[in-house]
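Asker: When you get a sec, could you give me coordinates for this:
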Amino acid sequence: METYIVRVNGTEYEVEVEKKGGASVPKAAAAEPQTNASKPKAAPPANTEGEPVVCGTSGKVFKIVSHEGEQVKSGDTVILLEAMKMEIPVVAPKAGTVSQITVSEGETTASGQTVAYIS
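Answerer: Numbers count the residues shown, from 1 in each chain. I've put the predicted structure just below:
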């Protein structure tokens, strides 16, 4: 685990980055509290076949990079999150085909939430 100091608009945040399966997963040490309006939707996805792609932190879906039916390699960016004015990639845990995207752009996600499936 590595610790970094990130400065955003003059405010410093301590961020720990842990290596998991060859991909870095950021964990913010000074995250802003969530309000009820920013909690993710709890509806389960229709098709949950394949390996889940999971967020390492909470944030807002900034961009969906890989779409359903697209081939990805392990470590490829599937989703870009925006958290504390930073873009944080959510990467594929293995090579395969994106079988389902379970979030949409602009949606708020929670740490540990499944955002896609790779089969």
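
Asker: C-alpha from now on. contacts and neighbour counts both.
Answerer: Noted.

Asker: got a list of what residue 118 touches?
Answerer: 49-53, 92, 94-100 (C-alpha atoms under 8 Å, 6 or more residues apart in numbering).

Asker: go with 7 Å
Answerer: Listed by C-alpha atoms under 7 Å, 6 or more residues apart in numbering, the contact partners of residue 118 are 50, 51, 52, 96, 97, 98, 99.

Asker: And for residue 83?
Answerer: Contact analysis of residue 83 by C-alpha under 7 Å, 6+ apart lists 59, 60.

Asker: measure it to residue 17 for me?
Answerer: 14 Å (C-alpha to C-alpha, to the nearest Å).

Asker: Scan the contacts of residue 118 and report the most crowded one.
Answerer: Neighbour counts for the contacts of residue 118 (other C-alpha atoms under 10 Å) peak at residue 98, which has 23 neighbours.

Asker: Am I right that that residue is in a strand?
Answerer: Yes: the assignment for residue 98 (DSSP: H, G, I helix; E, B strand; the rest coil) places it in a strand.

Asker: Tell me which helix or strand in this protein has the weakest average pLDDT.
Answerer: When each helix and strand of the chain is scored by mean pLDDT, DSSP states H and E, strand 23-28 comes last, with a mean of 49.
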